[in-house]
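Peer 1: Provide a 3D model corresponding to the input given below.
(one chain, ligands or ions: 1)
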Amino acid sequence: MESNLTNQEAALIRAGIRGKYSQVAASGPGACFRYPTGEEGVRQQHYPPELIRDFPAPVLASFCGVGNPFSLGPIYSGEAVLDIGCGGGFDTLVAARLVGPGGRAAGIDVTGEMIEQARANLALVNLQNVSFRVGEAEALPFPDQDFDVVISNGVFNLTLDKELALKEAHRVLKPGGRLLLADMVLVAELPPEQAGKVENWYQ
Ligand SMILES: C[S@@+](CC[C@H](N)C(=O)[O-])C[C@H]1O[C@@H](n2cnc3c(N)ncnc32)[C@H](O)[C@@H]1O
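Peer 2: Below you'll find the model as predicted:
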C-alpha cells in the first residue's frame with residue numbers, strides 16, 4: 001500500500017531520503033536528528049556493554065537508530081541475521097557478535113554512501129561473518145527463507161510501501177523466524193499543515 005502519494009511525490013520523497021542519508025554518511029548524524037544518535041544514542045538504548053565495548057569511535061558515532069532491536073528478543077549463536085536499512089552498520093555488527101563465527105549477519109541500505117560507511121566500519125572491527133550491500137526494504141536482494149532473524153532500526157517509517165516491506169521481511173525469513181523491529185509510529189493525526197508535506201518523511 002503506497003498510500004495516496006502521486007508518483008511525483010513518491011519520487012521526491014525517495015530522493016529526499018537518499019539526499020539526507022548521503023549527508024549523514026558524509027558528516028555524521030550530528031544535527032540531522034531530533035533524538036540522540038551516535039555514542040549517546042547507543043548509551044540511552046542500553047546495548048549490552050560486553051558486545052560493543054571495543055567498538056571504535058567511528059562505529060559508535062554512526063548509530064542513528066531510534067531504539068534497540070536486541071531488547072525485543074534473543075539472537076542465538078549460529079543464526080543468520082538481516083539488518084534492513086543498516087545505515088553505518090552498528091546493529092549489523094552487534095548481530096554478528098551475537099551469532100558468532102558459525103553464523104552470519106547481512107546489512108542492506110538504500111543509500112550507497114551508508115553502505116560505504118558500513119564497510120569502512122566493518123574494516124575497523126575483527127569480524128569475518130558480515131556482508132553489506134545496497135538494497136531496498138521493498139525488494140530485498142535475498143532468496144526466500146534465507147534468515148533466522150530480521151532486525152531493523154528506524155527504517156520502516158521511511159518506506160513508502162510498508163505492507164510490501166513487511167511482506168519482503170516475511171519472505172526472507174525461515175519458517176518460525178523472528179522480526180525484531182524498532183521504529184517510530186504516528187499515534188495521532190498530523191496537523192493539516194504538516195500532513196501533506198513531502199519533507200515530513202525524512203525531516
Ligand atoms: C534512521 S537511519 C537508521 C540506520 C541504522 N539502522 C541505525 O540504527 O543506525 C535510516 C536508514 O534507513 C535507510 N533507508 C531509508 N529507506 C530505506 C528503504 N526503503 N530501504 C532500505 N533502507 C532505507 C536510510 O538510507 C538510512 O540509512
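Peer 1: just the CA trace of the longest helix seen in the chain, in CSV.
Peer 2: Assignment by DSSP state H gives helix 7-27 as the longest helix of the chain. Included here for helix 7-27 are C-alpha records, laid out as CSV according to Å, rounded to 0.1, in the frame of the first residue of the first chain:
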residue,chain,number,x,y,z
ASN,A,7,4.3,9.3,-8.5
GLN,A,8,6.0,12.7,-8.4
GLU,A,9,5.6,13.0,-4.6
ALA,A,10,7.0,9.4,-4.1
ALA,A,11,10.0,10.3,-6.3
LEU,A,12,10.6,13.4,-4.3
ILE,A,13,10.5,11.5,-1.0
ARG,A,14,12.8,8.8,-2.2
ALA,A,15,15.3,11.4,-3.5
GLY,A,16,15.0,13.4,-0.2
ILE,A,17,15.7,10.3,1.9
ARG,A,18,18.8,9.4,-0.1
GLY,A,19,19.9,13.0,0.0
LYS,A,20,19.6,13.2,3.7
TYR,A,21,21.4,9.9,4.4
SER,A,22,24.2,10.7,2.0
GLN,A,23,24.7,13.8,4.0
VAL,A,24,24.6,11.8,7.3
ALA,A,25,27.2,9.4,5.9
ALA,A,26,29.4,12.3,4.9
SER,A,27,29.2,14.4,8.1
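Peer 1: and for Leu160, the neighbour number?
Peer 2: Using other CB atoms under 10 Å, Leu160 has 20 other residues around it. Any C-beta I mention is one placed from the backbone N, CA and C, and that applies to glycine too.
Peer 1: next, it: secondary structure please.
Peer 2: coil (DSSP: H, G, I helix; E, B strand; the rest coil).
Peer 1: pLDDT value on it, please?
Peer 2: What the model reports for Leu160 is a pLDDT of 93.
Peer 1: elements contacting the longest helix of the chain?
Peer 2: In terms of contacts (3 or more CB pairs under 8 Å, 6 or more residues apart in numbering; DSSP states H and E), helix 7-27 is packed against helix 112-122.
Peer 1: got the angle for the helix it packs on vs helix 7-27?
Peer 2: 30 degrees (axes from the mean of the first three to the mean of the last three CA atoms, to 10 degrees).
Peer 1: following helix 112-122, which helix or strand comes up?
Peer 2: Going down the chain from helix 112-122, the next helix or strand is strand 130-134, by DSSP states H and E.
Peer 1: after that next one, which helix or strand is next?
Peer 2: strand 147-153.
Peer 1: pLDDT value on the residue lying closest to Pro143 once chain neighbours are set aside, please?
Peer 2: For Pro143, ignoring the flanking residues on the chain, the nearest one in space by CB to CB, 6 or more residues apart in numbering is Val172 at 7.4 Å. Val172 carries a pLDDT value of 98.
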